[in-house]
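Peer 1: this one's sequence-less:
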């Protein structure tokens, strides 16, 4: 047996540990090139008196999948309810096989899910658009749960605003334009859940998600904000105009340009616009959504865009 | 036995892992606990509930950070974003030392989120020690590395695990988090004498000890952290303490987590060894013999 370089050893083992399990949650026995998995395992893993090289490697293969499937299921229980348990299992394995974790934290496992589902609608069950909306809301929940809190606007900041001012939204505020009003469904499935923590022990299996009866969800364009208030994540429906203003502010538009976007369709009488804007800003300020833009390079307030 | 630069925190006594199911008990009852160990990765976030809870804990308790994804043994350079976030957390907690595992878990930017065992080679010794030194220099606090439980051994290995661990900590000039349950689990899975391991490692580098429970299957043992500590593990702990003197000790209980009091009481069983190491060994040995005779 020739010694392998450490990095080559790790590439080989990582590939083997991440091979999808069989339907019986066992390690595959044959590789795509026709070699047996036993022979592959014996190349670098020792057998002992009780376990073959394959069986020892299989322990890690199973742990890998149990751990990441468990973490993924925990973040997307409503998606599982929408697509059904069996299809969700297939979706999970296909997605995680295509997008293994690229982060030191399991928190980011679902970061590519929306894009992947969009490219693989056949994996998203009978109502792919509903499934994608659900996945978007559940990922937004992850982002809102532990997103950054920046200093909110002070009364002095607000007094100094004019139409050329630029504002920012709290990083934890997530804005979504959805085809379906899936927020009620997600809230119902998430009720009473506590996000799990990382730990250093092995896992023995993946807990089964209870079945949820999914009501009919009619298609209706819905604007939604997920945000954190006093440490809890809330879901707030927005009007189209409100969404447009918030989205424009997030994208760096001036206050004047953002507000102009809100009333382009003429849906709001001109006489009502000022009152509506006042009401929005009052609500957003109360919820602590508004803050000043930061210079991303220095982390300091960017004085040029502040006013 | 006096403290030294690796176990100079003898007054830390016995800690337990900070876990979400115990938050309510901790905040409402404010139990007396020597210190809490936190899993660093659970708090390397930008905001939200976890950080708020941590700040409340820090107001009242000492906290030591334990990581699960630094992967000292990964052959490629450390993730700078991970290091940056870890240092931010270190400043927040003021952890007196920091621990993570002697293992690998990522390659080419892909993470397995597991504590994978290393081949015990000289190349691995050099690369792992270099990574530990890099992390220690960057974080500017003492680092101690933990032996992992494992289920596989490799043809490439050129030494025993305890020789490998010793070589790594000597070359990195770092401390050691000796997990006596992991030693026991690996000894059963790889058929070696766990006491030989405990007797071999450099006692003066043991900065902290982990104790935990595990799950026995027909052909192997899994390190599940979901049971009380068994007597053979207490025996290893007793011997370790006899060699090291009082060392901060932490009970890990991560799954099927019982009440706070149950976890804390299990951890406090270590007290008899910490107070008088030699007497503790004798008592423990007698208890184990008695328990064996009853079975």
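Peer 2: Yep, that arrived. These figures come from a predicted structure and were not determined experimentally.
Peer 1: Quick one: low-confidence residue ranges for the stretch 101-250 of chain A.
Peer 2: Counting by pLDDT under 70, the stretch 101-250 of chain A shows low-confidence ranges at A:201-204, A:206, A:208.
Peer 1: Flag every residue of it that's near chain B.
Peer 2: The stretch 101-250 of chain A comes close to chain B at residues A:101-107, A:145-149, A:171-172, A:194, A:196-204, A:228, A:231-232, as judged by Cβ under 8 Å from any Cβ of the partner chain. C-betas here are computed from N, CA, C, even on glycine.
Peer 1: can you give me the strands in the stretch 51-200 of chain B?
Peer 2: Here the stretch 51-200 of chain B has its strands, by DSSP state E, counting those that start in this stretch, at B:63-66, B:98-101, B:104-107, B:110-116, B:143-146, B:175-179.
Peer 1: Would you mind measuring the gap between the ends of stretch A:10-24?
Peer 2: End-to-end distance for stretch A:10-24: 26 Å, by Cα to Cα, to the nearest Å.
Peer 1: Let me see the mean pLDDT of it.
Peer 2: With pLDDT averaged residue by residue, stretch A:10-24 scores 96.
Peer 1: Show me which residues of that stretch are buried.
Peer 2: A:10-11, A:13-14, A:16-19, A:21 (16 or more other Cβ atoms under 10 Å in any protein chain shown).
Peer 1: Repeat that for stretch B:84-101.
Peer 2: Of the residues in stretch B:84-101, B:85-86, B:89-90, B:93, B:95-101 count as buried by neighbour count, 16+ other Cβ under 10 Å.
Peer 1: just these that are near chain A?
Peer 2: Near chain A, judged by Cβ under 8 Å from any Cβ, the entries from the buried residues of stretch B:84-101 are residue B:101.
Peer 1: By mean pLDDT, which helix or strand of chain B comes out lowest?
Peer 2: Within chain B, no helix or strand scores below helix B:277-294, which has a mean of 55 by mean pLDDT, DSSP states H and E.
Peer 1: returning to what we had before: okay if I get the buried residues of stretch A:10-24 as a markdown table plus secondary structure and distance to residue A:131?
Peer 2: Shown next, in a markdown table, are those (DSSP: H, G, I helix; E, B strand; the rest coil; distance: Cβ to Cβ, whole Å):
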| residue | secondary structure | distance to residue A:131 |
| --- | --- | --- |
| A:10 | helix | 35 |
| A:11 | helix | 34 |
| A:13 | helix | 34 |
| A:14 | helix | 30 |
| A:16 | helix | 31 |
| A:17 | helix | 29 |
| A:18 | coil | 25 |
| A:19 | coil | 26 |
| A:21 | coil | 23 |
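Peer 1: give me the subset of those touching chain B.
Peer 2: Restricting the buried residues of stretch A:10-24 to those near chain B by Cβ under 8 Å from any Cβ leaves A:10-11, A:13-14, A:17-18.
Peer 1: does any part of stretch B:36-47 sit near chain A?
Peer 2: Yes: interface with chain A: stretch B:36-47 contributes B:39, B:41-42, B:44-47 (Cβ under 8 Å from any Cβ).
Peer 1: Endpoint to endpoint, that stretch covers what distance?
Peer 2: 21 Å.
Peer 1: residues in contact with the nearest residue to residue A:103 once chain neighbours are set aside?
Peer 2: Residue nearest to residue A:103 in three dimensions, not counting chain neighbours: residue B:111, with 6.5 Å by Cβ to Cβ, 6 or more residues apart in numbering or on different chains. Under the criterion of Cβ atoms under 8 Å, 6 or more residues apart in numbering or on different chains, the neighbours of residue B:111 are A:100-104, B:69, B:105.
Peer 1: So which of those residues are in strands?
Peer 2: residue B:105 (DSSP state E).
Peer 1: Buried only: go through the contacts of residue B:111 for me.
Peer 2: Looks like the contacts of residue B:111 have A:100-101, A:103-104, B:69, B:105 buried, using 16+ other Cβ under 10 Å.
Peer 1: Make CSV out of the ones next to chain B among the buried residues of stretch A:10-24 and add distance to residue A:67.
Peer 2: CSV is the format used below for those (distance: Cβ to Cβ, whole Å):
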residue, distance to residue A:67
A:10, 18
A:11, 20
A:13, 16
A:14, 14
A:17, 11
A:18, 11
